[in-house]
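[1] got a structure for you, letters missing:
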């Protein structure tokens, strides 16, 4: 065997070992995240220990600390993972329609469905503010949701033929309404009924907005009213 062939063989074996280590590390991290998500859902942040997480994931404490330096870091990764999954699910649902009003209703319905899903409800809506602190939690919620709300509002205003200068304020108002609605659903004794109420309420707001003869006329009238006070 030539020296070149020997070197190539060594390179291939080293690459395979590296790939196996990466696969193992990736599998370990995934097992930790999935089992931690279930434990945080069942017992909350304070009621879950790292010993329980490593036992459920069947890994060592050292393996856990290789990926996550603390329980808070583990929780934050679980939280971010759920938020990213939710964003993808909502965007996928919205993409099925080209009508901006239908897209808004579809997006709202998809989000309310997620709010009733046990993992998201407990971890992102109930435990998030406690574990992360309200400021960090609010920042993460805003980063995950405001972009979708902003694009939805922009499409609605474009369809109405005006009001682009109020795009940011519309987005903030709708974002605030949806965020409050998510907390309402999460804390409700009957989340399904609460979600139906929210869907109907925001649906009525959207229906009224769609009937405006001109969003620009409404803005001008509001400005005149403020100026006359």
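    Arrived safely. For clarity, every value in this text was computed on a predicted model and none was experimentally measured. Numbers count the residues shown, from 1 in each chain.
[2] host element of the residue most central in space within the chain?
    With distances taken as C-alpha atoms, centre = their mean, the residue of the chain nearest its centroid is residue 83 (2.7 Å). Element membership for residue 83 (DSSP states H and E) is helix 71-94.
[3] what packs against that helix?
    For helix 71-94, the helices and strands in contact under the criterion 3 or more C-beta pairs under 8 Å, 6 or more residues apart in numbering; DSSP states H and E are helix 3-43, helix 50-57, helix 100-115, helix 128-132, helix 134-160. (C-beta placed from N, C-alpha, C; glycine too.)
[4] if we go to 7 Å?
    helix 3-43, helix 100-115, helix 128-132, helix 134-160 (3 or more C-beta pairs under 7 Å, 6 or more residues apart in numbering; DSSP states H and E).
[5] identify whichever of those lies nearest to residue 205.
    For the helices and strands packed on helix 71-94, the distance to residue 205 is smallest for helix 100-115, at 10.1 Å, taking C-beta to C-beta.
[6] who touches that closest one?
    86, 89-90, 93-94, 96-97, 120-121, 125, 148, 152, 155-156, 159, 178, 182, 185-186, 195, 198-199, 202-203, 206, 210 (C-beta atoms under 7 Å, 6 or more residues apart in numbering).
[7] of these, buried ones?
    For these, a burial check counting by 16 or more other C-beta atoms under 10 Å picks out 86, 90, 93-94, 120-121, 125, 148, 152, 155-156, 178, 182, 185-186, 195, 198-199, 202, 206.
[8] domain assignment for this protein?
    By the record's domain assignment, the chain is partitioned as 1-69, 78-213 (automatic domain parsing).
[9] please work out which of these is packed deepest.
    For those, the largest average neighbour count (mean count of other C-beta atoms under 10 Å) is found in domain 78-213, namely a mean of 16.
[10] lowest-confidence stretch among the helices and strands packed on helix 71-94?
    Ranked by mean pLDDT, the helices and strands packed on helix 71-94 bottom out at helix 3-43, with a mean of 71.
[11] on that earlier part again, could you measure the residue nearest to the residue nearest to the centre of the chain when sequence neighbours are not counted against residue 70, distance?
    Distances taken as C-beta to C-beta, 6 or more residues apart in numbering place residue 144 nearest to residue 83, at 4.2 Å, with adjacent residues excluded. Using C-beta to C-beta, to the nearest Å, residue 144 is found at 22 Å from residue 70.
[12] do the same with residue 81
    17 Å.
[13] again, but for residue 58
    21 Å.
[14] repeat for residue 98
    Separation of residue 98 from residue 70 (C-beta to C-beta): 46 Å.
[15] ok so, going back, now the angle between helix 50-57 and the helix holding residue 83, please.
    Orientation of helix 71-94 against helix 50-57 (axes from the mean of the first three to the mean of the last three C-alpha atoms, to 10 degrees) gives an angle of 50 degrees.
[16] quick one: residues in contact with helix 71-94.
    Helix 71-94 has contacts (C-beta under 7 Å, 6+ apart) with 32-33, 36-37, 40, 45, 50, 53, 68, 103, 106-107, 110-111, 114, 119-120, 123-124, 128, 131-132, 140, 144, 148.
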